[in-house]
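Peer 1: one predicted model, sequence on top.
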Amino acid sequence: MKRNGIGKQITCLLLALVLTLPMTACGALAGEDGLSAYEIAQKHGFTGSEEEWLESLKGADGQDGEDGKDGKDGVDGQDGKDGVDGVDGVDGEDGKDGKDGVDSEEPDRVYHTVIEVEGGEDVSLAASRAIRSTVSVHAEFTATMTVGGWWGQQQQTQDYTYSSAGSGVIYRLEEDGSAFVITNYHVVYDADSKGENGISHKITLYLCGMEGEQYAIPATYVGGSMNYDLAVLHVDQSDILKNSCATAVTVADSDLVRPGETAIAVGNPEGGGIAVTAGIISVASEYLNMTGADNQTPVSFRVIRVDTPVNPGNSGGGLFNAEGELIGIVNAKITASDVENIGFALPTAQARAAVDNIIDHCYGKDCTSVIRPIIGVTVYSAESSLLYDEETGMVSVSQVIRIKAVEEDTLATGLLLEEDRLISITVAGKTKQITAQHHVIDAMLDAREGDNVSLVIERGGKRRTVQMYISEKCLTEY
């Protein structure tokens, strides 16, 4: 278990033996203006008690409920032909606004008024796109345990094998079936594992609906980072992938997501196979403090908060928008008896850059971690404001970012000063306007040895451009 600063329990979403499963409550459905069906009948002229109204619904032939359909066409006079079922004629009038549905027929010929409530957004197409890019991940570990030692018995050690279940997203897919897959670091790492650096010695992937052993896809560990909770796996020329409808994910810019937008999680909850849940973005960007995968190192993740249900096994799976584009990698949730559906995902604005960083530095090389340059500055938000876009009707938060301190003997020494305002940063030909503290750090994930990083700053009311050269000495593993 991990904890955040407010004392709530936070857990990475591995398949666990003991889970907290909060119950959800269902509220009563209401019709027009929040009225009950009986109140609607009174509104349209029925007099009498609720018991009398219910009895009146038991028509002799029950056909008047069908006539209620004609309410759309204004042919409501037809319902008056059966005086007992006259109430159903009233429901036919409600058909004008589509709020009252067709009375349903039961075997005993009793008819019930049904009030239709408009459903949520249909995300089936987006989910189908996401499913094609999703895999379940099974990681096997070997650890050593001590047995015996009781009542004079000699202690002995023996190895045992165990596994965990998680999820993954196909990031790149080649025509020959080779692929790079994203998952969480904590899915393929275990602190007790005897594997090299705690990494699983056997990683297997499965496509949706193809969980049998005959469809197992072997994968190897490329690299990862506990500080980013991301890992990259590689599949080498898989015929199963090659001959499937699987596809690489389409990555969207998570910096553009807004609270209230659709958030679809696709993963492998409980290790039972690929499943879909949907909700909304609750917070577009915040920080989550917890204990890392080694159960001892404090880590801080920048995350998207969602109310989309996620469970153990969803770890490493994707969080998708209404178009089926990837906006995050699911990695944690709050588990407490008084909390419902507070889940977290690593935003793609950071995850994409970290994954590219791992592939560039680790694939086919000795390195197994993220390599990032250190500029040598501490920044802070000097101002923060809520902006309203009249064209789109959307709001967003914009911050003025300034330098709080400059470390000695770093890239920033002699180039940047305290209280400089950071306007934009350009790395590898990509320019990012700096309106949040994380923009600088995320951008530096794209920097490689030999690159020039360009910063536009404002000092004394004037703008200037500062160039920084990325050398080997300023690179650090994360």
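Peer 2: Thanks, I have it.

Peer 1: flag the shaky bits of the chain, pLDDT-wise.
Peer 2: 1-46, 50-51, 53-120, 149, 152 (pLDDT under 70).

Peer 1: show me what contacts the residue most central in space within it?
Peer 2: Here the mean C-alpha position of the chain is nearest to the C-alpha of L319 (Cα atoms, centre = their mean), at a distance of 3.2 Å. The neighbourhood of L319, defined by Cβ atoms under 8 Å, 6 or more residues apart in numbering, consists of 263-265, 304, 306, 308, 326-330, 345. Placement of C-beta: from N, CA and C, glycine included.

Peer 1: out of these, which are buried?
Peer 2: Buried by 16 or more other Cβ atoms under 10 Å: 263-265, 304, 306, 308, 326-330, 345, out of those.

Peer 1: ok, back up a step: okay if I get the contacts of L319 as CSV plus secondary structure and distance to K462?
Peer 2: Converted to CSV, the contacts of L319 look like this (DSSP: H, G, I helix; E, B strand; the rest coil; distance: Cβ to Cβ, whole Å):
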residue, secondary structure, distance to K462
A263, strand, 42
I264, strand, 46
A265, strand, 47
I304, strand, 36
V306, strand, 42
T308, coil, 46
L326, strand, 40
I327, strand, 37
G328, strand, 38
I329, strand, 41
V330, strand, 45
A345, strand, 40
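
Peer 1: returning to that earlier point: distance from the helix or strand harbouring the residue nearest to the centre of the chain to the middle of the chain?
Peer 2: Following DSSP states H and E, the helix or strand that holds L319 is strand 318-320. Distance, stretch centre to chain centre, for strand 318-320: 5 Å (Cα atoms, centre = their mean, to the nearest Å).

Peer 1: so what's P218 bridging to?
Peer 2: Beta-bridge partners recorded for P218 (DSSP bridges): T204.

Peer 1: mind checking how far it is from S200?
Peer 2: Separation of P218 from S200 (Cβ to Cβ, to the nearest Å): 12 Å.

Peer 1: circling back to that earlier point, what residues are bridge-paired with the residue nearest to the centre of the chain?
Peer 2: Here L319 sits in beta bridges with A265, G328, going by DSSP bridges.

Peer 1: and the nearest residue to D255 once chain neighbours are set aside, helix, strand or coil?
Peer 2: Nearest-residue entry for D255: A349, 4.7 Å, with adjacent residues in sequence omitted and distances by Cβ to Cβ, 6 or more residues apart in numbering. Local secondary structure at A349 is given as helix here, using DSSP: H, G, I helix; E, B strand; the rest coil.

Peer 1: what do you get for the one 5 residues further on?
Peer 2: A354 falls in the helix class when you classify it by three-state DSSP.

Peer 1: sorry, back to before: now, which of the buried ones among the contacts of L319 sits nearest D229?
Peer 2: I329 (8.2 Å; Cβ to Cβ).

Peer 1: how near is Q437 to Q399?
Peer 2: Following Cβ to Cβ, the distance that separates Q437 from Q399 is 7 Å.

Peer 1: and the helices in the stretch 301-450 of the chain?
Peer 2: 348-362, 438-444 (DSSP state H, counting those that start in this stretch).

Peer 1: just send these back as CSV, with mean neighbour count and distance to P269 too.
Peer 2: CSV is the format used below for these (neighbours: other Cβ atoms under 10 Å; distance: least, Cβ to Cβ, whole Å):
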stretch, mean neighbour count, distance to P269
helix 348-362, 23, 20
helix 438-444, 20, 29
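
Peer 1: output these as CSV; include the columns distance to V283.
Peer 2: Shown next, in CSV, are these (distance: least, Cβ to Cβ, whole Å):
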stretch, distance to V283
helix 348-362, 15
helix 438-444, 14
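
Peer 1: can I see the domain layout of this structure?
Peer 2: If you go by automatic domain parsing, the domain ranges for the chain are 1-14+120-365, 32-112, 371-477.

Peer 1: which one of these is the most hemmed in?
Peer 2: domain 1-14+120-365 (a mean of 19; mean count of other Cβ atoms under 10 Å).

Peer 1: and that one, how far out from the chain's middle?
Peer 2: How far domain 1-14+120-365 lies from its chain's middle: 11 Å, per Cα atoms, centre = their mean.

Peer 1: tell me how far the closest residue to V400 other than its chain neighbours lies from S285.
Peer 2: Nearest residue to V400, sequence neighbours excluded (Cβ to Cβ, 6+ apart): E383, at 4.0 Å. Computed with Cβ to Cβ, the distance linking E383 and S285 is 17 Å.

Peer 1: now swap in G429 and tell me
Peer 2: For G429, the distance to S285 - Cβ to Cβ - is 24 Å.

Peer 1: show residues contacting stretch 447-467.
Peer 2: Outside of stretch 447-467, the residues within contact range by Cβ under 8 Å, 6+ apart are 360, 372-373, 375, 411, 415-417, 419-428, 443-444, 468-472, 475.

Peer 1: now do the end-to-end distance for that stretch.
Peer 2: Taking Cα to Cα, to the nearest Å, stretch 447-467 runs 13 Å from one end to the other.

Peer 1: ends of stretch 198-209, what's the gap?
Peer 2: Across its full length, stretch 198-209 reaches 30 Å end to end, with Cα to Cα as the criterion.

Peer 1: name the residues that touch that stretch?
Peer 2: The set of residues external to stretch 198-209 that reach it, using Cβ under 8 Å, 6+ apart, is 131-132, 134-142, 168, 181, 188-193, 195, 215-221, 224, 233, 235, 240-241, 244, 246, 273-274, 294.

Peer 1: keep only those of those residues that are in helices.
Peer 2: Cross-referencing the contacts of stretch 198-209 with the helices (criterion: DSSP state H) gives 131, 188, 240-241 as the overlap.

Peer 1: farthest pair within those?
Peer 2: The most widely separated members of these are I131 and V188, with 21.7 Å between them, by Cβ to Cβ.

Peer 1: ok, now how distant is the residue nearest to the centre of the chain from I280?
Peer 2: Relative to I280, L319 is positioned 11 Å away (Cβ to Cβ).

Peer 1: need the residues touching each of those two.
Peer 2: In terms of Cβ under 8 Å, 6+ apart, L319 and I280 are both contacted by the residues 263, 306, 308.

Peer 1: got the contact list for the closest residue to A354 other than its chain neighbours?
Peer 2: Once its chain neighbours are removed from consideration, A354 has its nearest residue in Y228; the separation is 4.8 Å (Cβ to Cβ, 6+ apart). Applying Cβ under 8 Å, 6+ apart to Y228 gives the contacts 185, 301, 346, 350-351, 354, 370, 478.

Peer 1: redo that, cut-off 10 Å
Peer 2: For Y228, the residues meeting the contact criterion (Cβ atoms under 10 Å, 6 or more residues apart in numbering) are 184-185, 299, 301-302, 329, 331, 346, 350-351, 353-355, 357-358, 369-370, 372, 445, 478.

Peer 1: what's the answer for I358, then?
Peer 2: By Cβ under 10 Å, 6+ apart, the contact list for I358 reads 180, 182, 222-225, 228, 230-232, 367-371, 445.
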